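Undergrad: Coordinates only, no sequence provided:
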């Protein structure tokens, strides 16, 4: 009985050795640093408004970040004012930075309700862009979240320029 188990034991040990070697080759992805590089109006209709948000994506990994798509949300002063998702098909080089334009959607009624409240705060507004990058090649999704400040007057001017 013991001699019959030896080939299986050897095969199992060999398989574990190979799998542990493969695990060393695929390190987990570090979350990219994402900041807002620009914001401009897109399509405005009575039932749908879009904005084009330019995101500066910095890849902290030692290999190319193969971005296939993303979901994202934009918050200003703690209020989600826009969200979206889409295909990106971008290759962000190792330790490199790329600017990626994404279309975000909002509803006019939601936006109209929030604008007066936001306008009262004046000065600089806190913003947060967060979401998940979907990577090509079957890699696990990579979450991101980044916040900063934007001049209220600049953002309002962009929002009302259409």
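TA: Happy to help now that I have it. It should be emphasised that the depicted structure is a prediction, and the values quoted were computed from it without experimental measurement.
Undergrad: I'd like the next helix or strand past the helix or strand of the chain with the lowest mean pLDDT.
TA: One helix or strand of the chain scores below all others by mean pLDDT, DSSP states H and E: helix 2-25, with a mean of 50. Using DSSP states H and E, the helix or strand that follows helix 2-25 towards the C-terminus is strand 33-45.
Undergrad: in that following strand, what counts as buried?
TA: Using 16 or more other CB atoms under 10 Å as the test for burial, strand 33-45 gives 34, 36, 39. All C-beta spots, glycine's among them, are computed from the backbone N, C-alpha and C.
Undergrad: so the first one makes contact with residue 129?
TA: Yes. Assessed by CB atoms under 8 Å, residue 34 is found in contact with residue 129 at 6.0 Å.
Undergrad: what residues are shared contacts of these two?
TA: The contact sets of residue 34 and residue 129 overlap at 55, 144, 145, 146 (CB atoms under 8 Å, 6 or more residues apart in numbering).
Undergrad: Quick check: bridge partners of the residue nearest to the last one when sequence neighbours are not counted?
TA: Nearest in space to residue 146, with sequence neighbours left out and distances taken as CB to CB, 6 or more residues apart in numbering, is residue 34 at 4.5 Å. Counting by DSSP bridges, residue 34 forms beta bridges with residue 57.
Undergrad: what's the spacing between residue 51 and residue 92?
TA: Applying CB to CB, to the nearest Å, the value for residue 51 to residue 92 is 22 Å.
Undergrad: what's the answer for residue 59, then?
TA: When residue 59 is compared with residue 92 (using CB to CB), they lie 4 Å apart.
Undergrad: what's the overlap in contacts for the two?
TA: Common neighbours of residue 59 and residue 92, using CB under 8 Å, 6+ apart, are 32, 65, 98.
Undergrad: Would you agree the second one is in contact with residue 92?
TA: Yes. With contacts counted by CB under 8 Å, residue 65 reaches residue 92, the gap being 4.2 Å.
Undergrad: which residues are in contact with both of the two?
TA: 32, 57, 59.
Undergrad: Now neighbour count too, for these, in CSV please.
TA: CSV is the format used below for these (neighbours: other CB atoms under 10 Å):
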residue, neighbour count
32, 22
57, 23
59, 21
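Undergrad: Just give me the closest of those to residue 125.
TA: Minimum distance to residue 125 across the shared contacts of residue 65 and residue 92 is 21.9 Å, recorded for residue 57 (CB to CB).
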